[in-house]
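Colleague: I need the structure of the sequence given here:
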Amino acid sequence: MSAPLPEDLLQVPAPNESQNTEQNGVPSQEPERAASQAHSESASEWDILRAHVRTKPGDSESWLRLVDVAVASGDFNQINETYEALLEAYPNTSSAQTAYINHLLESSRETRYHEAEGLFKRFLRTSSFVELWKFYLAYVRRLNTGPNVRDTVRMAYEFALNHIGHDRESSELWSDYIQFLKAGETATTWEEGQKMDAIRKAYQRAVQIPMDNVKRLWEEYQEFENNLNKITAKKLITDLTPAHMQARTVLTTLQEHLTVLFPPPPPSKHKTNIWLPRQPNFSAGDKALVGRWRIYLKWEEGNPLEIEDKDKAQLHTRLQGVYRKALVRMRFFSEIWYMAYVWYMSLSTDMSLPEQKRKDRKEEALNILKAGIEANPSSFVLNFAYAEAQEADKKFDEVHATFEKFLEVLRKDLEVVEGRVNTANAASANGNQSQLNATATDGGTLPSGFVTAGIQSQNSSFNTQSSDEKQPKSKELTDRRTEFGVAWIVYMRFARRAENLKSARAIFGKARRDKWTPWEVFEAAALMEYHCTKASDIAMRIFEKGLETFPDEVEFALRYLGFLISINDDSNARALFERVVNVFPADRARPIWDRWARYEYQFGSLEASQALEKRIAEVYPTDPPIKRFAERHKYLGTDAIAVHDLGFVISRSNGNGSARSNASSLGRTETQQSIVSNLPTSQPQQSQGSVTKRPSSPDHRRRDESRGGSTDFGPPSKRQRAGSPQQRGYDRGERWERRKHGSPSPWDRERERDSSARRPEKEREEEKSVIPPVLSWFISQLPMTSSFDGPVFRTDDLMQVFRGAVIPSSTGIRARSPPPPSAMRGSGRPPPDYSPYQGPGGGRRGRY
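Modeller: You can find the predicted model right below:
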């Protein structure tokens, strides 16, 4: 898309061409010893900051501080090195590029113009920010002031407008260019005609672009044409009116998008006016911001200007500029990089483009992935996408290098998390020990030897953990290890499909020797062996090796058991069950008992089922007998005993497979409520706290009514909230492995209700005042909270308003009541707040 930078645009004075000026646009580094010695302290701070940003290149605050220290030192070479390093970490940042070039131009070096020209050539080709292009045009006009160099200035304007003339902020450039053309002097009639044609062409291009001053340019264009010839003006204006009106319509929507995406920069404590993107923490504000960027980019891809196919190059240039801006602003959001890659790849398959352009677009797409990986080295989506793209091109060595590098990055992240977890555990242990000692010293009531025994117990536990070399049970560390295993699994998949199974086995061998490899890798390798070679013995050996490596992982033992059942190896499955069921405590072994019981109930004999039930009753004595009996007669989540005989309501998915709630939920029917309410006082009653919750779906109530249930507005069945933990799945066709182990069954929930109902008589009396049935039905018809699409207010802001409110005295003056709702209808509903970056660490919350 980009045209080459004309060599004659910059009339640069060359006082001494023999001097060492630049190499590839990088200014020459000449030592300035006096400045370095005068600012030794600043240089020392600079060295510390420079070493810090080498290890943490995403620390924007340290980068800005580094620039301040370098500029304050006055060391020319140090400033150049700082800007070069900054632009290597944050490429195409226009504010840093402008500051860098301005630093060169303000120096007293004789080669400053040549060095600035080299930087312009480096930066302008890939920049879509009007700020840098304005600085470039101002530089060109400052150097070319004579009447004989107007062509140079004109070429510079056309060069800039071809690149960023489609931008909303380019209105000033268009106005300056048109005024520059009007100011040109002509000597002949032919030259005057050429001048008018150039002005007309500039106007016609400008009025079709959604810019801030497009309406004023349209009025100027009408006046320009009418002054020349009113007859031809009418036809020209009529032909151009639809495109202009479309631009004005698009401008309204464009302003709504960009106002949120490009908010005014917050006040900075740094001397240099440089904006750098911040590392996201994926808070509500970050999610809202990336969501708005996603909507905006899709809107731009939809061609809102309705550019015709014959002018498709204009649309591509516009989208290219949009994505370049997005990648600079959202540098640390992998999703935006992936969207840019997908768009460029779509151009590589557009058969309406020449073959060479398709190849160029594909190369640009791969370059985007590589740049995105440099900015986000631990991004799964970017590394996986780049590996697949290289695999499609049969560049297998590049794929291996990509995975090896990616795994090394994840390995370092795991070590950082491990160090943080160990530090937190050590601090917690020291804090507990200090509190224990303080209690013994102050109170003096602890038994003799209690403190000593506690310390010995802690040390013994610590030594045991160290000797076993077990990783700390941290959820964050466990999740990171699982993600690390996903990378190994995808790596093995690539090797198997691109090369052969032998290569996949070699990669699994490397994974086995990695201390961070989780059990999921063993399962994936075993299943790969079974499905690709039908060798169940090899798969079983891998499972056994995994069970030996992870003896305390219930989930892995459960997967192994499920695999043996799936291949109909009942003897080995029974042996595995007997081997592992007693290894884990009862509360953790419950999924294994349930899995084997379900298999025994479906395919075993009655005697074996009854014997297994007896064993389960010994391990779990609180389970009611009818619970196990009902479990024996279930199929695919259909529990007829619970529904027909005990009155449970079990919600399932709709016919299209979509469930109304996040998980299956159950509640009492009206008949069951009446039975419980008629029990004697000594009997435990069911808690009435859930009778006012909304039903799972109207379909359930219709099914209840068809069965002869009550048709009045009785208490609705219980429905689980969206944010509550998942309950046990009862969806038809849902596989057992997809359930959440240990989730409450109808029987467990009944026991919980009974235990929670044992309250004093006074509390039971208070619970009798429940919501009336009609009001309960009305509440059940209200939409879910997730369907709310209005503004989301920050509680901190509301509390600040309340704290700052002036409340009049209650004596003598009556407080004025708030205005009626009709008084505020004229202003409309306030727009949602989508501005997360309002200062360091102070992101606003928004909707995602």
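
Colleague: which residues are in contact with the residue lying farthest from the centre of the chain?
Modeller: Here the centre of the chain is the reference, and by C-alpha atoms, centre = their mean the most remote residue is T188, at 62.5 Å. For T188, the contact set (C-beta atoms under 8 Å, 6 or more residues apart in numbering) is empty. C-betas here are computed from N, CA, C, even on glycine.

Colleague: and if you look at Q194?
Modeller: T186.

Colleague: please apply the same query to the one 10 residues further on.
Modeller: Applying C-beta under 8 Å, 6+ apart, one finds that Q204 lies in contact with 221, 240.

Colleague: any idea which element it lies in?
Modeller: helix 189-206 (DSSP states H and E).

Colleague: what sits up against the helix or strand following that helix?
Modeller: Sequence-wise, the next helix or strand downstream of helix 189-206 (DSSP H and E) is helix 214-228. Residues outside helix 214-228 that contact it (C-beta under 8 Å, 6+ apart) are 171, 174-175, 178, 196, 199-200, 203-204, 206-207, 211, 232-233, 236-237, 244, 247-248, 251.

Colleague: one more: stretch 88-107?
Modeller: So stretch 88-107 is in contact with 27, 53, 57-58, 63, 67, 71, 76, 79-80, 83, 86-87, 112-113, 115-116, 119-120, 123, 126-127, 129, 131-132, 135, 139, 272-277, 324, 327-328, 331, 371, going by C-beta under 8 Å, 6+ apart.

Colleague: from the chain's centre, how far out does that stretch sit?
Modeller: 30 Å (C-alpha atoms, centre = their mean, to the nearest Å).

Colleague: hey, C-alpha coordinates of that stretch in CSV?
Modeller: The C-alpha trace of stretch 88-107 is given here as CSV (Å, rounded to 0.1, in the frame of the first residue of the first chain):
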residue,chain,number,x,y,z
GLU,A,88,12.2,-1.4,20.0
ALA,A,89,10.0,-2.3,22.9
TYR,A,90,7.1,-0.1,21.7
PRO,A,91,7.4,0.2,17.9
ASN,A,92,5.3,2.7,15.9
THR,A,93,4.5,4.8,19.1
SER,A,94,4.1,8.1,17.4
SER,A,95,4.7,10.3,20.5
ALA,A,96,8.1,8.6,21.1
GLN,A,97,9.0,8.8,17.5
THR,A,98,8.2,12.5,17.4
ALA,A,99,10.2,13.2,20.6
TYR,A,100,13.1,11.3,19.2
ILE,A,101,13.2,13.3,15.9
ASN,A,102,12.7,16.5,17.8
HIS,A,103,15.6,15.7,20.0
LEU,A,104,17.8,15.3,17.0
LEU,A,105,16.6,18.5,15.3
GLU,A,106,17.2,20.6,18.5
SER,A,107,20.8,19.4,18.8
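
Colleague: need the mean per-residue confidence for it.
Modeller: Stretch 88-107 shows a mean pLDDT of 93.

Colleague: got the buried residues for that stretch?
Modeller: Using 16 or more other C-beta atoms under 10 Å as the test for burial, stretch 88-107 gives 89-101, 103-104, 107.

Colleague: mind listing which of those residues are in helices?
Modeller: 89, 94-101, 103-104 (DSSP state H).

Colleague: now those residues as JSON lines including distance to A387?
Modeller: Converted to JSON lines, those look like this (distance: C-beta to C-beta, whole Å):
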{"residue": "A89", "distance to A387": "24"}
{"residue": "S94", "distance to A387": "32"}
{"residue": "S95", "distance to A387": "34"}
{"residue": "A96", "distance to A387": "32"}
{"residue": "Q97", "distance to A387": "32"}
{"residue": "T98", "distance to A387": "37"}
{"residue": "A99", "distance to A387": "37"}
{"residue": "Y100", "distance to A387": "35"}
{"residue": "I101", "distance to A387": "38"}
{"residue": "H103", "distance to A387": "40"}
{"residue": "L104", "distance to A387": "41"}
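
Colleague: and the helix or strand containing A51, what does it pack onto?
Modeller: Using DSSP H and E, A51 sits within helix 40-55. When contacts are defined as 3 or more C-beta pairs under 8 Å, 6 or more residues apart in numbering; DSSP states H and E, helix 40-55 packs onto helix 60-73, helix 76-89.

Colleague: which one of the ones in helices among the buried residues of stretch 88-107 is nearest L258?
Modeller: Nearest to L258 out of these is S94 (C-beta to C-beta; 15.6 Å).

Colleague: right, and K195 touches T186 too?
Modeller: Yes: at 5.5 Å, K195 counts as touching T186 under the criterion of C-beta atoms under 8 Å.

Colleague: which of the two has more neighbours?
Modeller: More crowded of K195 and T186, by other C-beta atoms under 10 Å: K195, with 15 against 12.

Colleague: pLDDT wise, what is the closest residue in space to R65 that isn't next to it in sequence at?
Modeller: Leaving aside its sequence neighbours, R65 sits nearest to L49 (C-beta to C-beta, 6 or more residues apart in numbering; 6.0 Å). Per-residue pLDDT puts L49 at 91.

Colleague: quick one: contacts for L49?
Modeller: 62, 65-66, 69.

Colleague: export these to CSV and tack on pLDDT and distance to R358?
Modeller: Output for the contacts of L49, formatted as CSV (pLDDT from 0 to 100; distance: C-beta to C-beta, whole Å):
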residue, pLDDT, distance to R358
S62, 92, 42
R65, 92, 45
L66, 92, 42
V69, 91, 47
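
Colleague: so which of the residues you listed is the most crowded?
Modeller: Busiest of the contacts of L49 [other C-beta under 10 Å] is V69, holding 24 neighbours.

Colleague: was I right about it contacting I48?
Modeller: No: with contact defined as C-beta under 8 Å, V69 and I48 do not form a contacting pair (9.4 Å).

Colleague: that older thread, distance of the residue farthest from the centre of the chain from Q194?
Modeller: Distance, T188 to Q194, by C-beta to C-beta, to the nearest Å: 9 Å.

Colleague: with E388 instead?
Modeller: 53 Å.

Colleague: equivalent analysis for E45, please.
Modeller: In terms of C-beta to C-beta, E45 sits 59 Å off from Q194.

Colleague: if we can go back for a sec, closest to D350 out of the ones in helices among the buried residues of stretch 88-107?
Modeller: Using C-beta to C-beta, those come closest to D350 at S94, 29.7 Å.

Colleague: how close does the closest one sit to S175?
Modeller: S94 is 21 Å from S175, where distance means C-beta to C-beta.

Colleague: repeat for D151
Modeller: 20 Å.

Colleague: neighbour-wise, which of these two wins?
Modeller: S175 (17 against 11).

Colleague: what mean pLDDT does whatever helix or strand the more buried one lives in have?
Modeller: Here S175, judged by DSSP H and E, is contained in helix 171-182. For helix 171-182, mean pLDDT is 93.

Colleague: kindly report the same for stretch 270-289.
Modeller: 89.

Colleague: what comes up buried for that stretch?
Modeller: For stretch 270-289, by 16+ other C-beta under 10 Å, it's 274-278, 280, 284-289.

Colleague: what of stretch 355-368?
Modeller: Neighbour counts over stretch 355-368 (16+ other C-beta under 10 Å) mark 357-358, 360-362, 364-366, 368 as buried.

Colleague: check the offset of that stretch from the chain's centre.
Modeller: 27 Å.

Colleague: can you list the residues that contact that stretch?
Modeller: 327, 337, 340-341, 344-345, 347-350, 353, 386, 389.
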